[in-house]
Structures are given as C-alpha cells and as structure tokens.
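Trainee: Any chance you can model this:
(2 chains)
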There are 2 protein chains.
Amino acid sequence: MSSVVVESDVQLSLDSIRESLIRQEDTIVFSLIERAKFPLNSPAFEESRCLDSGNSSSLTEFFVREIETIQAKVGRYDNPEENPFFLDNIPQSVFPTHKYPQALYPKASSVNINKRLWDVYFKELLPSFVKPGDDGNYASTAASDLACLQAISRRIHYGKFVAEVKFSDAPHDYEPAICSKDTEALMKLLTFEKVEEMVKKRVEKKAETFGQEVKCVSGDEESEKNYKVDPSLVSRIYGEWLIPLTKDVEVEYLLRRLD
Amino acid sequence: MSSVVVESDVQLSLDSIRESLIRQEDTIVFSLIERAKFPLNSPAFEESRCLDSGNSSSLTEFFVREIETIQAKVGRYDNPEENPFFLDNIPQSVFPTHKYPQALYPKASSVNINKRLWDVYFKELLPSFVKPGDDGNYASTAASDLACLQAISRRIHYGKFVAEVKFSDAPHDYEPAICSKDTEALMKLLTFEKVEEMVKKRVEKKAETFGQEVKCVSGDEESEKNYKVDPSLVSRIYGEWLIPLTKDVEVEYLLRRLD
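Mentor: Now for the predicted structure:
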C-alpha cells in the first residue's frame, strides 16, 4: 500500500516541531504560574444560572464560548495549530486572513480532543496546582483558565504535526497498525520513554526558574526558595496528562491517516 | 481643611500595594516575553476594513472592544483594579458578582488613561521590544497584545491605590498642592528616585531570569545567554513609560481627591 503524500508549502521537520514544543513549555509554565495567583474559585466553573439568558452554564463556559467566537472572527482558527473548545461551526473571519500552509493530512486534520481536556483540566489538573478556596475573582480566574486551556490544547494538538512527520518519514512502519486499527501498537511506536523523562525534567526546571521570587539584591538567592507553582507538580502535569493526551492525538490522527 | 475619609472594608497598606506591584512585574515580563514570539505584525493594529460591518477599525481594536464586552459580562470591571480601554458604558455582569471593597475615593476612582496607554503602546513601547516583520499571525498577536495591555494597564492604574494610601497617611502634605492644582509639586511629592531605580533593576533581573533558555543538562548555563526580550529594554520600558504613567495616574487621582 502506498502512503498518500500531503501537499505542503513548508517542509515540516521533527527539529522545527521539537523547537516549537520546547518554546510552548515556557508558555504553559507561565500560564500555570499566572493561574496559581488565584485559588480554585470553583463557582466560576460550576453550573450557574446566567442572569441574561436564564440558561444554565458555568461562568467560565459562557466566557470561553463567547471569547472563541470573537477569536474566530479575527482568524484564530484558520491557523491549523489552534483548535476550539466549543465552536461546532467556526464563524468566518471578518478581516482578511493569512493563508496558512496545509501541512496536515486533510482527512485527519480535524482531530480535536478538547472536550476531554476540558474535563481533565477542571476535575484533575487544576485542583492539583492551585490552592483551595474562593476569593470571588471569577472574571480574572476565567481569563487565566482560558490562557492555560489554550496553551495546553495547542501543545496536545501539536501531536497532529508530530504524527504527520513521523508517518511521512517512515510510512511503512505505521501502515500495518493503522490498517488493523491497532491502537496499542501505534502507541508503542510513538512512545520514547527517555525523551518523555527529559521533557518532564526540563519543565520541572522551567517551573523552578520562572516561578521563583526574583529579588534585587544578589545573595538573597541563598534563602529558602518559594515557588509559585510546585515544580514537581508541573513535571507530574506533563507526565500524567499533557504527554499522554498528546500521544492520544497522535494515535487518533494516524488512525485517519490512510482514509 | 479636613480630608475626606474613604469608607473601606479593607485597610489598604503600602506594604500590600508594594507586594502586588512586585507580583505584577512578573505578569508584565511574562506577557512581554510571550508577545515577543511574534514580529511587529503592524497590519493587525493598523486601520483595516472590517468585512462584516464595512466599518474601518484595526483588527486589534475590533478584538479588544469585543473581548472587553465579554469580560464585562462576567464581572471584570466590578473589580476596581481593572479599567477598560474602550467601554464607555460597561455592560452589566450576567452572573452573580463579587462585592469588591471600595478602597478608592469615589470621585477620583474613575481616572482612566488607557487611551494614552494604547497610543504609547503601539507607537513606542511595542516597536521597542519586538522584531520588525509580518508573519500573518494576527489573531494570536492581538491576543498577546491584549495580555500586555491589560497587565500594563492594571499596573499603571494601581497608581490610584498608591495615591489613596499616601494621601490617607499624610493628607496635610498633599492638600495645598491639590487645592492649587499644582501638578508639578504633586509629582515631586510622589517621586522617589531610589525606589524607581530599584524597580528598574529588579525588572531587568526578572527579564533575565524568565526570558532565558532553560536547558535540561546542567552546565549549559555557561554558554552564551540568549534572552527572549532584551532585559535592558524591559528596564527602559519601566523607566520611560510604566513608572511615569503610574505617577500620572497618581497625580490625576490626587487632583480629584478633595472634590
């Protein structure tokens, strides 16, 4: 069986993908540190009655739905790196937009696991790194949650680009498992434990570096370090959720790669 | 003349304000580093014809106006620390909202210099720290600009709280200059060059720390440092724009403090 070649303006390379994923780590760590300024503030993402429509929705869900609509109108989802959480029909951009190169296989490019990410984020990931409590700052909290969600979603769905490059580099390695829909075999082909350990170590170091209190007087560095987010937790967030979810995207993409 | 006492649920203190301003530095440095991922992308903030309404507006202005409306609907501007760029009439929140303590003097609390900040940001501040060029990523760029603008706006308008505490601590020091509308004398009373130098030094160190490339293997630190935003520029951004604009807010607030 011959593999289908994707028409592409740019040549994706594992190096450029790796570089992007490393830079995205900074964005994710920044967003977690910023979110940790606020306590859990669960009333923001629990169901509540919207005074306007009378419909039930959480404040955060209302916020994200509305913001995504505006972002679509300025062309955010023309970028194949961006995947919405709620938009089934993406509104057209109201400004002239950029033509992004189509590096993904069209029939697999729509993989979107943001519904799962939403659940995991609010039920497991978020409570793991913020303090419990409620300070009433729901608008700022929702904005911070959106920043985290979008940064993590971009990382996870970057798995589509990873999978495309890996497949293009060695289609025959993947074709049998794709044809037999062997998810487990695909997962095995996509797993490199050494690389995953290195990523977890690096994001821990990033959380140490970016989450420290920087003081003006040198010498203060010796005093006890107080991190804004526990670095070992950031490593755990990658190990338990971000890396596995990325691989899930890779598998889902590959399963449609010969359609 | 006796000073008017503001009814306040919380006692503002210079210490808590200082702490907040220091934490806000991290947010501002993060947002500048994130914005610097993209080149200037000036077509995003230059006037363009909106395909929807046919009106002329820049993509970024359209975006910020729409986002502020959504943010108002979840209660962002109930928080006296937040000041909109474009909303003349702030829409009511559609969810039950938090009662923020009113620590500011009501007749002075509406000071808002965001129009000036908008101009300064796009004409001077932004071109000083991003690469020239245009990569077409306007939606992401607009979102990054909004994050910078909101972080800087919060910092600058925190001057209202600074002024309120300074005034409350020593009203007689300020009353003569307020009564004679002597802006220059007020500016002198509010200027502490040593403190400003310390802030500039600290944000430079923060830009060094947060904008470095963090590598996994120790020992790499010795290699040449590549900063995502030039740390001396961040110091300059504080010295030339953020600190002076904050003091302008303080002066404008004090001028209305006896109304």
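Trainee: Helix, strand, or coil at residue A:48?
Mentor: Secondary structure state of residue A:48, per DSSP: H, G, I helix; E, B strand; the rest coil, is strand.
Trainee: ok, it - how many residues close by?
Mentor: Other residues within reach of residue A:48 by the criterion other CB atoms under 10 Å in any protein chain shown amount to 18. (Each C-beta comes from the backbone N, C-alpha and C, glycine too.)
Trainee: ditto for residue A:73
Mentor: The burial metric for residue A:73, expressed as a neighbour count using other CB under 10 Å, is 23.
Trainee: Would you mind giving me the confidence score for the closest residue to it other than its chain neighbours?
Mentor: With CB to CB, 6 or more residues apart in numbering or on different chains as the criterion, residue A:73 has its nearest non-adjacent residue at 4.9 Å, and that residue is residue A:94. At residue A:94, the pLDDT value in this model is 90.
Trainee: now do residue A:200
Mentor: According to the model, residue A:200 carries a pLDDT of 98.
Trainee: out of everything not next to it in sequence, what's closest to it?
Mentor: Residue A:200 sits nearest to residue A:235 (CB to CB, 6+ apart), 4.5 Å away.
Trainee: I'd assumed residue A:204 was in contact with that neighbour.
Mentor: Yes: contact criterion CB atoms under 8 Å: residue A:235 and residue A:204 qualify, at 4.1 Å.
Trainee: ok, residue A:99 - contacts?
Mentor: For residue A:99, the contacting residues are residue B:136, by CB atoms under 8 Å, 6 or more residues apart in numbering or on different chains.
Trainee: And stretch A:137-144, how far out from the chain middle?
Mentor: Averaged C-alpha coordinates place stretch A:137-144 at 19 Å from its chain's average position (CA atoms, centre = their mean, to the nearest Å).
Trainee: any low-confidence regions in the stretch 151-259 of chain A?
Mentor: Segments of the stretch 151-259 of chain A classed as low confidence (criterion: pLDDT under 70) are A:218-224.
Trainee: hey, where'd the helices end up in the stretch 101-250 of chain A?
Mentor: Along the stretch 101-250 of chain A, counting by DSSP state H, counting those that start in this stretch, helices occupy A:114-120, A:126-129, A:138-157, A:159-169, A:171-179, A:183-189, A:193-210, A:231-237, A:243-255.
Trainee: is the third one anywhere near chain B?
Mentor: Same thing as helix A:138-157. Yes: for a cut-off given as CB under 8 Å from any CB of the partner chain, helix A:138-157 has contacts with chain B, namely A:138-140, A:142-143, A:147.
Trainee: quick one: which of the residues you listed is nearest residue B:64?
Mentor: Ranked by distance to residue B:64 (CB to CB), the residues of helix A:138-157 next to chain B are led by residue A:143 at 13.3 Å.
Trainee: pretty sure that closest one contacts residue B:70?
Mentor: No: the pair residue A:143 and residue B:70 does not pass the contact test of CB under 8 Å, sitting 9.9 Å apart.
Trainee: Quickly list what's touching both of the two.
Mentor: Shared contacts of residue A:143 and residue B:70, counting by CB under 8 Å, 6+ apart, come down to residue A:63.
Trainee: Tell me who's in contact with the residue nearest to residue A:200.
Mentor: The contact partners of residue A:235, by CB under 8 Å, 6+ apart, come to A:200-201, A:203-204, A:207.
Trainee: Make JSON lines from those residues and add neighbour count to it.
Mentor: As requested, those are arranged in JSON lines below (neighbours: other CB atoms under 10 Å in any protein chain shown):
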{"residue": "A:200", "neighbour count": "21"}
{"residue": "A:201", "neighbour count": "14"}
{"residue": "A:203", "neighbour count": "27"}
{"residue": "A:204", "neighbour count": "22"}
{"residue": "A:207", "neighbour count": "27"}
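Trainee: from those, which single one is nearest chain B?
Mentor: When the contacts of residue A:235 are compared for distance to chain B, the smallest value, 5.4 Å, is given by residue A:201; criterion: CB to the nearest CB.
Trainee: Surely the closest one is in contact with residue A:239?
Mentor: No: at 10.4 Å, residue A:201 and residue A:239 do not qualify as touching, with contact defined as CB under 8 Å.
Trainee: what residues does the helix of greatest length in chain A touch?
Mentor: Of all the elements of type helix in chain A, the one with the most residues (DSSP state H) is helix A:14-35. Judged by CB under 8 Å, 6+ apart, the contacts made with helix A:14-35 from elsewhere in the structure are A:126, A:129-130, A:141, A:144-145, A:147-148, A:151-152, A:154-155, A:158, A:161-162, A:165-166, A:169, A:199, A:202-203, A:206-207, A:210-211, A:228-229, A:234, A:237, A:242, B:26-27, B:30, B:33-34, B:37, B:210, B:214, B:228.
Trainee: Restricted to buried residues, select those residues in ChimeraX.
Mentor: Of the contacts of helix A:14-35, the buried ones can be selected in ChimeraX as follows, counting by 16 or more other CB atoms under 10 Å in any protein chain shown:
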select /A:126,129,130,141,144,145,147,148,151,152,154,155,158,161,162,165,166,199,202,203,206,207,210,211,228,229,234,237,242 /B:26,27,30,33,34,37,210,214,228
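Trainee: Chain B contacts on the stretch 51-200 of chain A?
Mentor: Residues of the stretch 51-200 of chain A lying close to chain B by CB under 8 Å from any CB are A:51-53, A:59, A:62-63, A:66-67, A:70-71, A:73-76, A:78-79, A:82, A:93-100, A:136-140, A:142-143, A:147, A:198.
Trainee: Could you identify the buried members of those residues?
Mentor: Listed as buried from those are A:59, A:62-63, A:66-67, A:70-71, A:73-76, A:78-79, A:82, A:93-95, A:97-98, A:100, A:136-140, A:142-143, A:147; burial here means 16+ other CB under 10 Å.
Trainee: Give me the neighbour count for residue A:176.
Mentor: Applying other CB under 10 Å, we find 11 other residues in the vicinity of residue A:176.
Trainee: how close does the residue nearest to residue A:185 when sequence neighbours are not counted get to residue A:188?
Mentor: In space, not counting the residues next to it along the chain, residue A:185 is nearest to residue A:177; the distance is 4.0 Å by CB to CB, 6+ apart. In this structure, residue A:177 and residue A:188 are separated by 9 Å, where distance is defined by CB to CB, to the nearest Å.
Trainee: which one of the two has more residues nearby?
Mentor: residue A:177 (19 against 10).
Trainee: tell me which element the residue nearest to residue A:87 when sequence neighbours are not counted is part of?
Mentor: Computed as CB to CB, 6+ apart, the closest residue to residue A:87 that is not its neighbour in sequence is residue A:68, at 5.3 Å. Residue A:68 belongs to helix A:59-73 when elements are defined using DSSP states H and E.
Trainee: Would you mind pulling the contact partners of that helix?
Mentor: So helix A:59-73 is in contact with A:43-45, A:48, A:50, A:57, A:76-77, A:84-87, A:90-95, A:138-139, A:141-143, A:145-146, A:149, B:52, B:62-63, B:66-67, B:70-71, B:73-74, B:94-95, B:139, B:143, going by CB under 8 Å, 6+ apart.
Trainee: and the direction of that helix versus that of helix B:59-73, what angle?
Mentor: In this structure, helix A:59-73 runs at an angle of 160 degrees to helix B:59-73, with axes from the mean of the first three to the mean of the last three CA atoms, to 10 degrees as the basis.
Trainee: could you check the angle helix A:138-157 makes with helix A:59-73?
Mentor: Calculated by the same axes, to 10 degrees, helix A:59-73 forms an angle of 60 degrees with helix A:138-157.
Trainee: ok, the residue in the stretch 101-250 of chain A positioned nearest to chain B - contacts?
Mentor: Of all residues in the stretch 101-250 of chain A, residue A:136 sits closest to chain B, at 3.0 Å by CB to the nearest CB. Contacts for residue A:136 (CB under 8 Å, 6+ apart) come out as A:41, B:97-100.
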